[in-house]
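S.K.: no sequence on this one, just coordinates:
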């Protein structure tokens, strides 16, 4: 009797097929054939048009976009279909983890949606989660399964290194205290100074900068965040940096949510560039101006290959702690 061979099956949800195609190309495989449709009342239908029995299935989906709830349900339904089709393992490659901002009760009678989504993912039959730059690292603890938490910081650092910016003037800026640790890592990678802002929220989807720790006068500032939504925080931060004498300002983030006025704000922002990753699709017509998109496909491809072949992926989480 011959030894049974493992098989890797890579499928894409409907939100970000371009990224899924890039990941497949990096891995040297073809995306699997899955039929995704909607009934007339909006219910989602999924059916695999090829066998996944005994396969290690990887589902690439971004829980984002105008129809974020549909994106989440589509992932869950694809997972359920794979489970019922006897897949050996099911890994959700969630390039943007929606509902992550509500990761604690900041006020009475609020939900913790990041935990709710984790429960739904677990119930659907998913056996492993892979994501990048979660809004808060503790979200990993909401799962009782392996979670591979990647980071785009080295990719962003490499982008700015190629620009040969003056290191004596370079300063990485955190837009709030919660992002300070990640900003410190980026500043170490770029051998730059660090500045930290304190952000207040006077209302829902409103932001104001109340304090700035660090000297940005005459500096080339790199404002880094995990995501940009409506862009209000970024606009307030950029205005503060200009008032404090910053010479040049670059903005960078992993997740370009760009809801509401966010896309137009970033396209017309008075900065050198707005550098984002392709975890969420950015309309092509906006990629020729101020907004620059860099791909995380090679990173996800390496992580998927390592998981599939039972190799370590620790260096993809944090290069400082590679094993």
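M.R.: Right, received. Where do you want to start? No experiment lies behind these values; they were computed from the predicted model shown. Residues are numbered from 1 along each chain as shown.

S.K.: give me the phi and psi for residue 309.
M.R.: Phi and psi for residue 309, reported as degrees, to the nearest 10, are phi -100, psi 10.

S.K.: whoops, residue 129 was the one
M.R.: Here residue 129 shows phi and psi, under degrees, to the nearest 10, equal to phi -120, psi 140.

S.K.: is it in a bridge, and if so with what?
M.R.: residue 92, residue 147 (DSSP bridges).

S.K.: equivalent analysis for residue 221, please.
M.R.: Residues in beta-bridge contact with residue 221 (DSSP bridges): residue 171, residue 249.

S.K.: tell me the contacts of it?
M.R.: Residue 221 is in contact with 171-173, 195, 241, 246, 248-250, counting by Cβ atoms under 8 Å, 6 or more residues apart in numbering. C-beta here means a position set from N, CA and C on the backbone, and glycine is covered the same way.

S.K.: may I ask which of those residues has the most neighbours?
M.R.: Using other Cβ atoms under 10 Å as the neighbour criterion, residue 173 leads the contacts of residue 221 with 31 neighbours.

S.K.: any idea which element that residue lies in?
M.R.: strand 170-174 (DSSP states H and E).

S.K.: any idea which helix or strand comes after that strand?
M.R.: Taking DSSP H and E, what comes next after strand 170-174 is helix 180-190.

S.K.: which helices and strands does that next one pack with?
M.R.: Applying 3 or more Cβ pairs under 8 Å, 6 or more residues apart in numbering; DSSP states H and E, we find helix 180-190 packed against helix 153-162, strand 170-174, strand 193-200, strand 220-228.

S.K.: could these go into TSV alongside distance to residue 265 and mean pLDDT?
M.R.: TSV is the format used below for those (distance: least, Cβ to Cβ, whole Å; pLDDT from 0 to 100):
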stretch	distance to residue 265	mean pLDDT
helix 153-162	20	95
strand 170-174	18	96
strand 193-200	17	88
strand 220-228	9	96
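
S.K.: so which of the ones you listed comes closest to residue 73?
M.R.: Of all the helices and strands packed on helix 180-190, strand 220-228 sits nearest to residue 73, with 21.4 Å by Cβ to Cβ.

S.K.: of the helices and strands packed on helix 180-190, which approaches residue 67 most closely?
M.R.: strand 220-228 (17.9 Å).

S.K.: next secondary structure after that closest one?
M.R.: helix 232-243.

S.K.: pop the domain breakdown of the protein in here.
M.R.: 8-152+297-318, 153-294 (automatic domain parsing).

S.K.: lowest mean pLDDT across those, which one is that?
M.R.: Here the domains of the chain differ in mean pLDDT, and the lowest is domain 153-294 at a mean of 91.

S.K.: ends of that domain, how far apart?
M.R.: This stretch, domain 153-294, spans 12 Å end to end (Cα to Cα, to the nearest Å).
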